[in-house]
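Chemist: turn this into a model:
(chains A and B)
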Amino acid sequence: MNAEIQNRFIRNRNSIFFIWTLTLFLITACSGSSTSSVVPEPDTNAQDKITNSNKDILTVYSGRSESLVGPIIDQFAISTGVDVAVKYGKTPQLAATILEEGAKSPADIFFAQDPGGLAAVENLLIPIAENTLNQVPEWARSTDAKWVGISGRARTVVYNPNNIDESDLPNDMWGFVEPQWNGRIGWAPANASFQTMVTGMRTLWGEDKTREWLNGIQRNEPTIYPKNTPQVAAVARGEIDVGFVNHYYLFRFLAEEGDDFPVRNYHPRAGGPGSVIMVAGAGILESSKNKTTAEKFLGFMLSEIAQQYFTAQTYEYPLIDGVKTSRILVPIDEINHPNMPLSSFADLEGTGKLLRETGILP
Amino acid sequence: MKSLIDSKSFASKTKQNGSMWVLWLPSMFVVIAMSLPLIWLFARSIDAGSDFWDLVLRPRTLSIMLRSISLVIAVTITSALIAVPMAWLTTRTDLPYRKLWGIIAPLPLVIPSYIGAFLVVIALGPKGLLQDGLDLVFGIEQIPSIYGFTGAWLTLSLLSYPYIFLPVRATLSRMDRSIEEASHNLGKGSWSTFKNITLPLLKPSITSGGILVALYTLTDFGAVSILHYETFTWAVYIQFESMIDRSMASIFSLILVLLAILILLPTTLYSNKGRLYRNDPGTPTLPPPIPLGKWRFIATLFCIIVILFSLVIPMSVLTYWLVRGFEFFPSLTNILTATWNTFSIAIIASIMALVSSIPIAILAVRYPNSWTKLLERWTYMGFALPGLVIALALVFFGSQFATPLYQTRTLLVFGYLILFIPGCLGSLQSSLEQINPRLEEAARSLGSGGLKVFLSITLPLLRPGIMSGLALVFLLTAKELPATLILAPIGFSTLATLIWSNASEAFFAQTAAYSLVLILLSSLPMIFLISKRT
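Modeler: Numbers count the residues shown, from 1 in each chain, chains lettered A, B, ... in the order given. From the prediction side, this is the model:
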């Protein structure tokens, strides 16, 4: 027995050696990770850096993806010499992160997909300088100056031109409660932009009519999507005839799939909540230790270069005067859109309540 | 005489208890870590408005709960029905190319559920590839809808059967074959031997894998949201993502924990009677593979169908996207950085998970009592919560109480540990249960200390469990998304975060490129694992 164990031991020396190597690797890896982790975070370090080398550091939490805003943020870093660290994520998750971090948030800027995300952290934001705010039209900024719109997006209805003629689409969103649309609609009620539209609808139509609309659409058994992209793809496949989305998804599909991609945008001709203009925006956190640079960042995002970038590369609408909208987009003036200040999109809580009451969301 | 025996056993007991802290101390650290998200959830749910009972007690909540439970049951059973035969076929029979099947079979695990579900819609959805094909050949214009239960059930079963496959395969390759041989010699057929001898011996590994499948299904968000099947985790995410209502989200999460306890409870009550280890201390002799005979064709077909749907079709769609949009191929530096980040963090997380679960596994298997059982089950807490919840809890504790660690890889790995320790623990336990404790006792009686016995006897014998545990945590970490997005240091992107960011912007070619790299990377430990064993 003894010899046997001895043998086994010898035979398994290899495995023991293997385990040891692993442990060793682990220790080196851990020490490696802790040294390298010092670089981006602790504020004492950041402060040292500022005072020592006079180098600006800016931390941005971006709810807009790297593929969309990465290039223009790089541009900002290059032209100003500011060291920008960007944390990318989903807007609501970053909002929740900022809420958990509170006063200890390492972020200077919160760059959000939609006003809802900014509104959620409004108490942790500081007012933005007036000359920054004044660059965008009044409807594109928060009333208490806590955040500013950076780019504009329009709500739209996507349809498949092979299956449906634009003239057969109803004049406004109300038309989709008609029984002829049964089984042909797609929507993404959990999506922030959709909820922003419903908030606008409540302002325009009032609570009761909005509730009726929501119930009416539900009676038409819409296909539910988690977000906008799969809806556009579903319209192309013919899975649904119409989908309620934002305008720019189509152009990204067209860029990758070519002009044959069988989806087109329709901005309801009678206007109303189906063609509201919304924004992606940004705000400065109260906990920021570098508010001047943060202000500079917002200024840059509203500069001509950046606004040009947004309309050409992400197919959104510029918000400052003097920048031409990309030629492939329908100009904002040609969309019959209700002129509403963003404050009429603020009451997300009321919309959430309505969506819960109608059983659309849990 | 009697008192002499008593005092002797008392002496050995105290000796045992004296060294027990080596096991208990690290275990308690794990317990505390596992408790952090729960503490956070309780703290957050206190803020809920007084109307929360109305929201919780709506019939809608109950129906969502029932939907969750039925999905969990269906997926777990289906996964077991796929995994157990496959594990048996690839270890015991003369299945053609069985080594290769063994490497391929666990791979679907690396496909993130949101990618898997998206591909299922493309392939099997209305107007999808299958229907196009049927339309072309047979003129069939309508196929049953993939959305809802069917889609979620199929997708999750095909993606999560490896949770059972891996531990079962580890057990099978280590199992004492003398009993099976005895059964054969007594004239029992292969099926009867499998049913009466092999299957009972596999029970612990099927259970441990089954728990992982059940909890994975319970907490999956990617697949159920794309296939719009409304489960409880979906509801939790909606509270966070669409209402940014943290208190409601916490209350729903706590209910989710209760559901998880419901799943864990029966397996806790079930206690394993009888031993699972072999008596002779030598290496197991490898009997010749069981000839499948006329079943060979059916068995091969079974493997082909499973792999076709779980791996080949997804990979083909990804490759198609990649080829179609080749001009959008991401830069090599981006791919290499993300691959290295994914690889290194997954290696660290899996080794840390291993180190943390060894003491718990030993306590649970060698000193089974209600405390160690509770300890072991408690570690499943992390797996029972959506990644988003764990991440936000750690954002809170990290930013408030461990500022220097916040947004560092250390905290990220800590998050992975909370999430994935059960992945490692299950394999370790089933492996440990197969080791005859008398081997350890013999070494101890020869004067070896506890640590030496562990290092020279237990650890080497544990190797199959260690390897499959490491591999499982590696795969889980490599594809993890919500916690990685939130907890990763700034600028630290992994393949999973890049897949997400490209998929959410409908950049299919780049999504495909990163997904394929992720699948290739994750197959490395698999190849290592399988080739080492045979």
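Chemist: tell me where the stretch 101-250 of chain A has strands.
Modeler: Taking DSSP state E, counting those that start in this stretch as the test, the strands found in the stretch 101-250 of chain A are A:109-112, A:125-126, A:147-159, A:185-187, A:223-224, A:242-246.
Chemist: okay, these, which one's buried deepest?
Modeler: Comparing the strands of the stretch 101-250 of chain A by mean neighbour count (mean count of other Cβ atoms under 10 Å in any protein chain shown), strand A:109-112 ranks first with a mean of 28. Heads up, the C-betas are built off the backbone N, CA and C, glycines and all.
Chemist: so B:Ser515 touches B:Phe118, yeah?
Modeler: No - using Cβ atoms under 8 Å, B:Ser515 is not in contact with B:Phe118; the gap is 10.1 Å.
Chemist: who's more crowded, the two?
Modeler: B:Ser515 (30 against 26; other Cβ atoms under 10 Å in any protein chain shown).
Chemist: picking that back up, can I get the strands of the stretch 101-250 of chain A in CSV including distance to B:Pro368?
Modeler: What follows is the strands of the stretch 101-250 of chain A, written out as CSV (distance: least, Cβ to Cβ, whole Å):
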stretch, distance to B:Pro368
strand A:109-112, 51
strand A:125-126, 55
strand A:147-159, 58
strand A:185-187, 53
strand A:223-224, 47
strand A:242-246, 56
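Chemist: to chain B, which of the ones you listed lies closest?
Modeler: Closest approach to chain B among these (Cβ to the nearest Cβ): strand A:223-224, 4.4 Å.
Chemist: which residues touch the closest one?
Modeler: A:Ile185, A:Gly186, A:Trp187, A:Ala188, A:Pro189, A:Ala234, A:Glu239, A:Ile240, B:Tyr147, B:His228 (Cβ atoms under 8 Å, 6 or more residues apart in numbering or on different chains).
Chemist: ramachandran coordinates for the last one?
Modeler: Main-chain torsions, B:His228, degrees, to the nearest 10: phi 30, psi 70.
Chemist: pretty sure it is touching B:Tyr147, no?
Modeler: Yes - contact criterion Cβ under 8 Å: B:His228 and B:Tyr147 qualify, at 5.6 Å.
Chemist: let's have the strands of the stretch 101-250 of chain A in a markdown table, adding mean pLDDT and distance to A:Val84.
Modeler: Formatted as a markdown table, the strands of the stretch 101-250 of chain A follow (pLDDT from 0 to 100; distance: least, Cβ to Cβ, whole Å):
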| stretch | mean pLDDT | distance to A:Val84 |
| --- | --- | --- |
| strand A:109-112 | 96 | 9 |
| strand A:125-126 | 96 | 19 |
| strand A:147-159 | 95 | 15 |
| strand A:185-187 | 95 | 36 |
| strand A:223-224 | 90 | 38 |
| strand A:242-246 | 96 | 26 |
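Chemist: and the ones you listed: which comes nearest B:Val365?
Modeler: strand A:223-224 (45.7 Å; Cβ to Cβ).
Chemist: okay, B:Leu57: pLDDT?
Modeler: At B:Leu57, the model reports a pLDDT of 79.
Chemist: same deal with A:Asp114?
Modeler: 87.
Chemist: what is the burial count for the closest residue to A:Thr143 other than its chain neighbours?
Modeler: Using Cβ to Cβ, 6 or more residues apart in numbering or on different chains and skipping the chain neighbours, the partner closest in space to A:Thr143 is A:Ser343 (4.5 Å). A:Ser343 is flanked by 16 other residues according to other Cβ under 10 Å.
Chemist: try B:Val355
Modeler: When neighbours are counted by other Cβ under 10 Å, B:Val355 registers 15.
Chemist: now the helices for chain A?
Modeler: Listed in chain order, the helices of chain A (DSSP state H) span residues A:2-11, A:13-37, A:43-53, A:66-80, A:91-101, A:115-120, A:130-133, A:192-205, A:207-219, A:228-237, A:249-257, A:291-301, A:304-313, A:348-357.
Chemist: sorry, back to before: quick one: which of the strands of the stretch 101-250 of chain A is nearest B:Pro288?
Modeler: strand A:223-224 (54.5 Å).
Chemist: sheet partners, orientation included, of the closest one?
Modeler: Here strand A:223-224 is paired, per DSSP bridges, with strand A:185-187 (parallel).
Chemist: where does pLDDT dip in the stretch 51-200 of chain B?
Modeler: B:176 (pLDDT under 70).
Chemist: what segments of it are helices?
Modeler: With DSSP state H, counting those that start in this stretch, the ranges of helices along the stretch 51-200 of chain B come out as B:52-56, B:59-92, B:98-104, B:113-124, B:129-138, B:149-160, B:162-174, B:178-185, B:190-193, B:199-219.
Chemist: and for the fourth one, what's in contact with it?
Modeler: Think helix B:113-124. Against helix B:113-124 from outside (Cβ under 8 Å, 6+ apart): A:230, B:108, B:128-131, B:143, B:146-147, B:151-152, B:154-156, B:158-159, B:220-227, B:313-314, B:317-318, B:481, B:499-500, B:503, B:511, B:515.
Chemist: mind giving me the ChimeraX select for those residues, buried ones only?
Modeler: To isolate the buried ones among these in ChimeraX, judged by 16 or more other Cβ atoms under 10 Å in any protein chain shown, type:
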select /A:230 /B:108,128,129,130,131,146,147,151,152,154,155,156,158,159,220,221,222,223,224,225,226,227,313,314,317,318,481,499,500,503,511,515
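Chemist: so who does the closest residue to A:Lys146 other than its chain neighbours touch?
Modeler: Spatially, and ignoring its direct neighbours in sequence, A:Lys146 is nearest to A:Leu125 (4.3 Å; Cβ to Cβ, 6+ apart). Going by Cβ under 8 Å, 6+ apart, A:Leu125 touches A:Phe110, A:Leu118, A:Lys146, A:Trp147, A:Gly283, A:Ile284, A:Leu285, A:Glu286.
Chemist: before we move on, back to that, report the two of the contacts of strand A:223-224 separated the most.
Modeler: Farthest-apart pair in those is A:Pro189 and A:Glu239; separation 17.3 Å (Cβ to Cβ).
Chemist: what residues does the stretch 101-250 of chain A have near chain B?
Modeler: Neighbours of chain B within the stretch 101-250 of chain A, by Cβ under 8 Å from any Cβ of the partner chain: A:101-102, A:104-106, A:116-117, A:120, A:190-192, A:195, A:223-227, A:229-230, A:232-233, A:237-239, A:249.
Chemist: restricted to buried residues, select these in PyMOL.
Modeler: In PyMOL syntax, the buried subset of those is picked out as below (16+ other Cβ under 10 Å):
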select buried, chain A and resi 101+105+106+116+117+120+190+191+192+195+223+224+225+226+227+229+230+232+233+237+239+249
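Chemist: give me the phi and psi angles of B:Leu57.
Modeler: Dihedral angles for B:Leu57 - degrees, to the nearest 10 - are phi -90, psi 10.
Chemist: sorry, back to before: do you know how far the residue nearest to A:Thr143 is from chain B?
Modeler: Distance of A:Ser343 to chain B, given as Cβ to the nearest Cβ, to the nearest Å: 18 Å.
Chemist: can you name the residues bridging to the residue nearest to A:Lys146?
Modeler: A:Leu285.
Chemist: test my guess that B:Met381 contacts B:Ile39.
Modeler: No - here B:Met381 does not reach B:Ile39: they are 11.3 Å apart, not a contact under Cβ under 8 Å.
Chemist: more neighbours, the two?
Modeler: Neighbour totals were compared for B:Met381 and B:Ile39, and B:Met381 leads with 25 against 13 (other Cβ under 10 Å).
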